[in-house]
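**Q** Need a 3D model of the following:
(chains A and B)
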Protein chains: 2
Amino acid sequence: MPKISEERKSERRADIVEAARRCFARHGYEGATVARLEEATGLSRGAIFNYFPNKEALFVEIAVASSERLTSLWLEHGFRALLGAIVHEDPDWLAVQLEATRRLRTDPEFRRLVEEREREFVERRDERLARLRPQVRDDVPVETTAIFLSLVANGLALRLTMDDPQPDLDQLAELVETGVGRRPAR
Amino acid sequence: MPKISEERKSERRADIVEAARRCFARHGYEGATVARLEEATGLSRGAIFNYFPNKEALFVEIAVASSERLTSLWLEHGFRALLGAIVHEDPDWLAVQLEATRRLRTDPEFRRLVEEREREFVERRDERLARLRPQVRDDVPVETTAIFLSLVANGLALRLTMDDPQPDLDQLAELVETGVGRRPAR
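**A** A predicted model of the protein is given here:
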């Protein structure tokens, strides 16, 4: 194989991720066969699997990257910004991620891959909670508040996949922020 | 076919629904073949399809019945009761319903069936909102509040399918109720 620069490698990796994401979104997890992934990326299976060991790993990589991007946005720009980003996600991609949650229950190898990839994410959990704590009420554990916020975000993603009418995001954020906001000093 | 009483018919219908629900939960939507549905119900395909025109209709019937049961619980016993009921649902059944949301996007006949079955549910929407209105704040439209509550409930169901640790439900309900509760009179 001809040598390519690190920069070119990193670009190609990003291209594969984006083309594969669209392929999974369009055809579903099962339907995104290796042949279709080759067609979508314009690369041979050999070239693709040079970057990712197998289809499972490719999918998990895309899903984890997508979830990390949204979490950073939330921590840096607040919950309203997260809600806005979710409604701009590709509903087909959200739907294929939901479809994959069932695979998490039925395919131990898939589950192992997800857990391995999520480990470092979980390790940074305390850091994320420490950033959230000063912004929220202190009479409910910050762990519960973080879960509450994730339920609203995931519920919104799920609603988007069902093509149900979306709520007004400012009003939604107002309900959430009243729920989690610091109580006025007594 | 021997005649059976209306009562016996209604019992048998309920038996089919429960056995089929477990079969879908265990094998997934695709994996629940007609042969497996026969095995699970102990009935021939002819007998099953005497009650439900096809597998799609059987699945939609179970999913809609399950969602109506939870909505009634919410309206009659409050949001905390709904949260408690969700965490007692079978996670495999919740996961197969999520898997089916992708089918809603890709299979027009499946979508048509769901929309038809949901029509009467939607028709009772105004009645449900009227019951919710006096319990919640009036500076945000009750439609948004209803969606907010459904996002939390669906987010919790989704979390359950991923086997992530569940939040303390009393604390969660406290956050939600602070968010949607009536403001103190000024």
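**Q** For whichever strand or helix holds residue A:145, the averaged confidence score.
**A** Counting by DSSP states H and E, the element that carries residue A:145 is helix A:142-161. Helix A:142-161 shows an average pLDDT of 95 in the prediction.
**Q** same for that helix, what does it pack against?
**A** Helices and strands touching helix A:142-161, as assessed by 3 or more CB pairs under 8 Å, 6 or more residues apart in numbering or on different chains; DSSP states H and E, comprise helix A:55-77, helix A:79-86, helix A:91-106, helix A:125-132, helix A:169-180, helix B:91-106, helix B:142-161, helix B:169-180. To be clear about C-beta, it is placed using only N, CA and C from the backbone, and glycine gets the same treatment.
**Q** Show me which parts of it are buried, residue by residue.
**A** Within helix A:142-161, the residues that qualify as buried by neighbour count (16 or more other CB atoms under 10 Å in any protein chain shown) are A:142, A:144-161.
**Q** domain parsing for chain A?
**A** Per the record, chain A has its domains at A:1-52, A:55-180, by automatic domain parsing.
**Q** residues of the helix of greatest length in chain A that come out buried?
**A** Using DSSP state H to define each element, chain A has its longest helix at helix A:6-31. Judged by neighbour count using 16+ other CB under 10 Å, the buried positions of helix A:6-31 are A:12, A:16-17, A:19-21, A:23-29.
**Q** Would that helix count as contacting chain B?
**A** Yes - using CB under 8 Å from any CB of the partner chain, helix A:6-31 comes into contact with chain B via residue A:28.
**Q** which element follows that helix toward the C-terminus?
**A** helix A:34-41.
**Q** now the angle from that following helix to helix A:6-31?
**A** Angle of helix A:34-41 versus helix A:6-31, following axes from the mean of the first three to the mean of the last three CA atoms, to 10 degrees, is 140 degrees.
**Q** following helix A:34-41, which helix or strand shows up next?
**A** By DSSP H and E, the next helix or strand past helix A:34-41 is helix A:45-51.
**Q** Pull the distance from that following helix to the chain's centre.
**A** Computed by CA atoms, centre = their mean, to the nearest Å, the separation of helix A:45-51 from the middle of its chain amounts to 23 Å.
**Q** circling back: wait, which of the helices and strands packed on helix A:142-161 is closest to residue A:117?
**A** If you check each of the helices and strands packed on helix A:142-161 against residue A:117 by CB to CB, helix A:55-77 wins as the nearest, at 4.9 Å.
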